[in-house]
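Novice: Below is the structure, and that's it, no one-letter string:
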């Protein structure tokens, strides 16, 4: 039995980082988690600078993740970190996660899981052998009405799914801002840090994860066209993918970071035999349900008409906007519930806790690898994972 907060360490998320601050806000929103240590930058001075801003004791601010894992592992339970959050460029996800698992720490990691299928499968094997918990922050699945959409599909209310359309347009990379030193653009467009893809790896993987989450079916085949429009850029900034699902549904994913004027336009539409669903991240408190033989419905967050899956992930009364941080916090809360029970010695089934896990990470890497291969070959490619081999 534990009567304390879960203790969190962080790698990355230093000065001028974007997603690190989001992780910290989301993790602590419910009062279940406390940040106690970190290696916030590749340089010790910047890590120390960040630690001061976060009011951490100097001895718990480290110059490297290996130093942090080594020193934290020596501390008694209840003082050492219980898990680590990885908020770094993509190329560091694998080595940091592997080192954390080897040191005996549970992991929360940004997506994509890794930069290759080999790395993803190695991590999956390590998670299985260590029996440690692993959460991947595909945070859009944390929205209440995304969970409601999943329930509607799972319950068969719109009939068999026939078509899925997911789009994620952004416009922030419409010019080569990485050449001017913009930090977020610099690493995302650098193959050495981002891996095999920029646009599809950064936001296309969210489209993939959302499509599989809501439909409950895996994408098994893709035909992709990814493009680099901005001259001098080394990775893709736009892509379109035809997709085929295991359940027979077809669809399309469009992701772009050169769509001028767009901000964060993630939207999904799911068409079944008797009805359809539409959800947009920029208007997250509404789920549009259209029927073949009755008037359209608009479901709203916080109302009494929603399923338990949506209701327990709703934080405010109806009419009060909920958004990105709250959805992100739902992922952390569900992970924290599972981890608390694990520390208590209670046997759990990870699938009973609704947060993206190592399987979702492997699925995402398989999708991304297939997309890049398909675009280069200009042909359909199977989305294959050897996770169970």
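Specialist: Received the coordinates, thanks. Note that the structure is predicted; figures quoted are calculated from it, not measured.
Novice: Now do stretch 294-311: distance to the chain's middle.
Specialist: Once both centres are worked out by Cα atoms, centre = their mean, to the nearest Å, stretch 294-311 turns out to sit 24 Å from its chain's centre.
Novice: hmm, who's touching it?
Specialist: Applying Cβ atoms under 8 Å, 6 or more residues apart in numbering, the contact partners of stretch 294-311 are 144-145, 147-148, 150-151, 284-291, 314, 316-320, 322, 354. Heads up, the C-betas are built off the backbone N, CA and C, glycines and all.
Novice: Count the neighbours of residue 26 for me.
Specialist: Neighbours of residue 26 under the rule other Cβ atoms under 10 Å: 25.
Novice: which ones are touching it?
Specialist: Shown in contact with residue 26 (Cβ under 8 Å, 6+ apart): 139, 325, 328-329, 331-332.
Novice: So which bits of the helix or strand hosting it are buried?
Specialist: Element membership of residue 26, judged by DSSP states H and E, is helix 19-28. Using 16 or more other Cβ atoms under 10 Å as the test for burial, helix 19-28 gives 19-20, 22-24, 26-28.
Novice: got it, and stretch 266-273?
Specialist: Those would be 266-272, for stretch 266-273 by 16+ other Cβ under 10 Å.
Novice: So which of these sit within strands?
Specialist: 267-272 (DSSP state E).
Novice: out of the residues you listed, who's nearest residue 130?
Specialist: Ranked by distance to residue 130 (Cβ to Cβ), these are led by residue 268 at 34.1 Å.
Novice: Could you tell me how far that closest one is located from residue 309?
Specialist: In this view, residue 268 and residue 309 are 17 Å apart by Cβ to Cβ, to the nearest Å.
Novice: Quick one, which of the contacts of stretch 294-311 are buried?
Specialist: Buried among those (16+ other Cβ under 10 Å): 144-145, 147-148, 150-151, 284-285, 287-289, 314, 322, 354.
Novice: Those in strands, which ones?
Specialist: The members of the buried ones among the contacts of stretch 294-311 that map onto strands under DSSP E are 284-285, 287-289.
Novice: Output those residues as JSON lines; include the columns distance to residue 255 and pLDDT.
Specialist: Output for these, formatted as JSON lines (distance: Cβ to Cβ, whole Å; pLDDT from 0 to 100):
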{"residue": "284", "distance to residue 255": "19", "pLDDT": "96"}
{"residue": "285", "distance to residue 255": "23", "pLDDT": "95"}
{"residue": "287", "distance to residue 255": "22", "pLDDT": "97"}
{"residue": "288", "distance to residue 255": "22", "pLDDT": "98"}
{"residue": "289", "distance to residue 255": "25", "pLDDT": "98"}
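Novice: wait, which of those residues is closest to residue 344?
Specialist: Checking these against residue 344 by Cβ to Cβ gives residue 284 as the nearest, at 33.4 Å.
Novice: OK, contacts around the closest one?
Specialist: 143, 145, 301, 322-323, 327.
Novice: Check these and tell me the two furthest apart.
Specialist: Farthest pair in these (Cβ to Cβ) is 145 and 323. Separation: 11.7 Å.
Novice: PyMOL command to pick out the buried ones of the contacts of residue 26?
Specialist: Here is the PyMOL selection string for the buried members of those, based on 16+ other Cβ under 10 Å:
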select buried, resi 139+328+329+331+332
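Novice: From residue 279, how far off is residue 157?
Specialist: Between residue 157 and residue 279 the distance is 15 Å, computed by Cβ to Cβ.
Novice: Comparing the two, which shows the higher neighbour count?
Specialist: Set residue 157 next to residue 279 and count neighbours by other Cβ under 10 Å: residue 279 wins out with 25 against 14.
Novice: Who is the more buried one paired with across the strands?
Specialist: Assessed by DSSP bridges, residue 279 has beta-bridge partners residue 268, residue 287.
Novice: so who does it touch?
Specialist: Contact partners of residue 279, counting by Cβ under 8 Å, 6+ apart, are 143, 145-146, 149, 267-268, 286-288.
Novice: now these in JSON lines, with distance to residue 57?
Specialist: JSON lines is the format used below for these (distance: Cβ to Cβ, whole Å):
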{"residue": "143", "distance to residue 57": "36"}
{"residue": "145", "distance to residue 57": "41"}
{"residue": "146", "distance to residue 57": "39"}
{"residue": "149", "distance to residue 57": "44"}
{"residue": "267", "distance to residue 57": "44"}
{"residue": "268", "distance to residue 57": "44"}
{"residue": "286", "distance to residue 57": "45"}
{"residue": "287", "distance to residue 57": "45"}
{"residue": "288", "distance to residue 57": "50"}
